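>>> here are the coordinates; sequence isn't available:
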């Protein structure tokens with residue numbers, strides 16, 4: 001947090017000659033009915049002004065009507081000058097300097113003008129002059145001053161102003177009631193959440209606006225428990241604060257909590273708007289569950305934010321359906337959208353790409369080029385990913401070469417990651433290594449990770465060591481890099497090197513987290529499986545299904561690749577390790593819990609990836625459902641034959 005030198009609100013602040021000087025600032029002239037009538041008409045005229053010329057003409061009329069000393073009218077005039085972004089040092093300041101007895105509201109109008117249009121320091125000087133003239137600040141004065149401190153990121157100044165506001169009225173005063181939200185906003189934006197929360201607790205009436213601001217601040221810092229506690233304290237909860245909680249959970253990678261919060265919101269009868277839906281859709285995309293897909297789309301349709309009407313929600317739905325494995329459903333939404341933007345195309349292209357439908361991704365990219373929509377960096381990541389998964393090396397090279405010249409997108413680390421992945425998967429490991437070394441920017445972990453993964457596919461321990469050495473520097477505590485290198489070395493029979501890698505892991509205190517896979521049941525229930533874990537209540541049946549599958553696959557010539565097991569154990573032990581892969585357990589459970597026709601169709605179309613030994617199903621339609629197994633944040637869409645290592649049968 002940057003804290004500039006605090007502006008001191010001292011009593012001896014220099015007062016400029018053109019500021020009015022009067023010890024009778026509280027002078028109130030007797031009411032004049034004619035003046036009141038003129039004031040009402042002038043205010044109406046000022047409200048209708050749309051240009052500075054009109055405003056100056058209205059000022060002339062103010063003089064003709066004898067209202068040049070009316071603080072009420074001139075306050076309105078200066079506020080409109082502020083609205084038109086007029087510099088305060090010129091015309092507005094001259095108007096103010098001619099008023100003999102400005103009241104607190106007129107002082108505040110000019111202070112606010114300086115805060116909005118600058119320079120802010122003049123607003124603070126003017127406030128000092130206001131106090132010297134005996135005019136008492138109002139809640140609007142403090143709102144403007146707190147805004148000034150916020151813009152300056154000066155929490156010290158904010159504390160001084162906070163103390164003065166307390167001096168004038170205490171916590172129960174109207175000052176705190178009206179300016180409390182701005183003070184909370186000051187502390188929040190300066191990162192002093194403890195003070196913000198204390199002010200919130202002391203405000204006589206807890207405003208949902210300030211509560212929402214504080215909730216969002218806690219969420220940005222990852223303090224979701226504090227945010228939830230504050231949410232529960234609010235007496236009134238509108239759709240904005242509900243949306244803030246849903247979005248905060250989603251942004252903090254807690255999608256299940258976000259969806260639970262959405263269910264609570266629905267039970268309370270609060271209608272979801274497009275911002276709520278965006279947060280829920282993001283949570284669904286993270287969770288990968290299909291249980292909410294149709295429901296969320298129906299809610300969007302009923303609330304008037306369907307994909308055919310709202311491009312933001314439509315794009316988010318495309319992304320959600322694709323990440324949940326429903327690529328066809330995503331494309332259906334894409335087609336019904338009347339308006340599409342770069343995010344719509346990027347989500348759909350990336351959805352096709354990660355599910356192995358490279359030809360469709362390329363076709364959509366060519367269609368996009370015919371529109372006025374210009375591809376951005378995400379679009380190009382999607383199309384390079386499609387080239388990588390489809391082995392389209394020449395197309396990927398050409399696109400990478402012209403992306404800056406043709407599309408104005410400078411290659412980032414993520415684009416280089418895609419290219420290294422493309423070259424590595426296709427066996428061009430030397431070229432991939434040369435590209436990583438020649439990058440104009442420092443390669444991040446993704447680049448070396450893609451190269452290390454390619455070395456796993458093509459069993460190249462020498463280049464794997466180079467990639468791993470960089471990863472050990474960039475990500476010293478990422479155990480996955482050590483495990484992957486150990487697997488590559490074990491496949492090459494370099495057991496001494498494997499021992500050294502495992503010793504490094506032990507010295508660093510790194511422990512391997514068992515692989516996990518999730519499978520979604522018919523009613524949206526998520527079943528979780530760990531590699532090697534046979535404690536599931538139906539483990540015996542799952543094991544039987546796996547054995548039946550292996551028997552069928554052996555008839556097609558399948559033989560397990562024991563080299564992928566990074567342990568120096570017997571073949572029977574290696575066979576058992578491969579047998580209990582978390583994704584195999586998840587798929588077997590899915591086969592076990594579906595109808596017989598469904599199971600037969602899956603079994604007829606099963607294949608196993610020779611590299612990562614994951615079952616894949618190639619049935620075009622499986623009783624209207626698709627099987628999606630989630631491994632951490634990677635989604636495996638068995639219907640399209642995609643597996644962890646990106647191979648396709």
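The structure has been received and is ready for your questions. These numbers come from a predicted model, not from an experiment.
>>> grab the most central residue of this structure for me.
Averaging the C-alpha coordinates of the chain gives a centre point, and the residue nearest to it by CA atoms, centre = their mean is residue 251 (5.3 Å).
>>> contacts for the one helix or strand residue 331 maps to next, please.
Secondary structure from DSSP states H and E places residue 331 in helix 327-336. With CB atoms under 8 Å, 6 or more residues apart in numbering as the test, helix 327-336 has contacts from 293, 297, 307-308, 314, 317-322, 340, 344, 347-348, 351-352, 355, 357, 360, 637, 640. Every C-beta, even on glycine, is put in place using the N, C-alpha and C of the backbone.
>>> equivalent analysis for stretch 496-514, please.
461, 472, 476-477, 479, 482-483, 485-486, 489-490, 530-533, 566, 582.
>>> quick check: buried residues in that stretch?
497, 498, 501, 505, 510 (16 or more other CB atoms under 10 Å).
>>> what of stretch 366-380?
Buried residues in stretch 366-380 (16+ other CB under 10 Å): 368, 373, 375, 377, 378, 379, 380.
>>> ok, the first one to residue 459 distance?
Distance, residue 368 to residue 459, using CB to CB, to the nearest Å: 38 Å.
>>> do the same with the third one
Between residue 375 and residue 459 the computed distance is 36 Å (CB to CB).
>>> same deal with residue 124?
From residue 124 over to residue 459 (counting by CB to CB), the distance is 70 Å.
>>> these two: who's more crowded?
The residue with more neighbours, out of residue 124 and residue 459, is residue 124; 23 against 13, by other CB atoms under 10 Å.
>>> what's the helix or strand encompassing that one packed up against?
With secondary structure defined by DSSP H and E, residue 124 is part of helix 120-132. With contacts taken as 3 or more CB pairs under 8 Å, 6 or more residues apart in numbering; DSSP states H and E, helix 120-132 sits against helix 104-117, helix 139-152.
>>> picking up where we left off before, type out the PyMOL command that picks the buried ones from the contacts of helix 327-336.
Applying 16+ other CB under 10 Å to the contacts of helix 327-336, the buried members can be selected in PyMOL as follows:
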select buried, resi 293+297+307+314+317+318+319+320+321+322+340+344+347+348+351+352+355+357+360+637+640
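>>> now, which of the contacts of helix 327-336 lie within helices?
293, 297, 314, 317-322, 344, 347-348, 351-352, 360 (DSSP state H).
>>> so which of those comes closest to residue 61?
residue 314 (51.4 Å; CB to CB).
>>> pretty sure the closest one sits against residue 301.
No. Using CB atoms under 8 Å, residue 314 makes no contact with residue 301, being 11.1 Å away.
>>> one step back: what comes up buried for the helix holding residue 331?
327, 329, 330, 331, 333, 334.
>>> same question, stretch 383-399
383-393, 395-397, 399.
>>> stretch 99-109 too?
Applying 16+ other CB under 10 Å to stretch 99-109 flags 99, 101, 102, 103, 104, 105, 106, 107, 108, 109 as buried.
>>> ok now that stretch, how far from the chain's centre?
45 Å (CA atoms, centre = their mean, to the nearest Å).
>>> average pLDDT for that stretch?
Stretch 99-109 shows a mean pLDDT of 87.
>>> and the end-to-end length of it?
13 Å (CA to CA, to the nearest Å).
>>> shaky segments in the stretch 451-600 of the chain?
The model of the stretch 451-600 of the chain has pLDDT under 70 over residues 513-515, 518, 520-526, 556, 558-579, 594-600.
>>> quick one: residue 192 and residue 154 touch, right?
No. Between residue 192 and residue 154 there is no contact under CB under 8 Å: 11.7 Å.
>>> who has more neighbours, those two?
residue 154 (23 against 18).
>>> state the distance from the more buried one to residue 124.
10 Å.
>>> check residue 110 too.
12 Å.
>>> for the record, mean pLDDT for the helix holding residue 331?
pLDDT averaged over helix 327-336 gives 92.
>>> cool, stretch 363-371 as well?
On average, stretch 363-371 scores 92.
>>> hmm, who's touching it?
340, 345, 348, 349, 352, 375, 379, 382, 383, 386.
>>> list the contacts for the third one?
Yep, that's residue 348 we're talking about. 318, 322, 330, 331, 334, 364.
>>> correct me, but the first one touches residue 345?
No. The criterion here is CB under 8 Å, and residue 318 misses it with residue 345 at 9.2 Å.
>>> helices of the stretch 1-150 of the chain, residue ranges please.
Using DSSP state H, counting those that start in this stretch, the helices found in the stretch 1-150 of the chain span residues 33-47, 52-64, 71-83, 91-97, 104-117, 120-132, 139-152.
>>> next, format those as a markdown table and append distance to residue 256.
Listed next are those as a markdown table, based on distance: least, CB to CB, whole Å:
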| stretch | distance to residue 256 |
| --- | --- |
| helix 33-47 | 51 |
| helix 52-64 | 55 |
| helix 71-83 | 46 |
| helix 91-97 | 54 |
| helix 104-117 | 43 |
| helix 120-132 | 45 |
| helix 139-152 | 35 |
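>>> out of those helices, which one sits most buried?
helix 104-117 (a mean of 24; mean count of other CB atoms under 10 Å).
>>> who's in contact with that one?
25, 71-72, 74-75, 78-79, 81-82, 85-88, 92-93, 96, 99, 120, 122-123, 126-127, 130, 133, 135-138, 140-141, 144-145, 147-148, 151.
>>> what angle do it and helix 71-83 make?
0 degrees (axes from the mean of the first three to the mean of the last three CA atoms, to 10 degrees).
>>> and helix 104-117, how far out from the chain middle?
On CA atoms, centre = their mean, the centre of helix 104-117 falls 37 Å from that of its chain.
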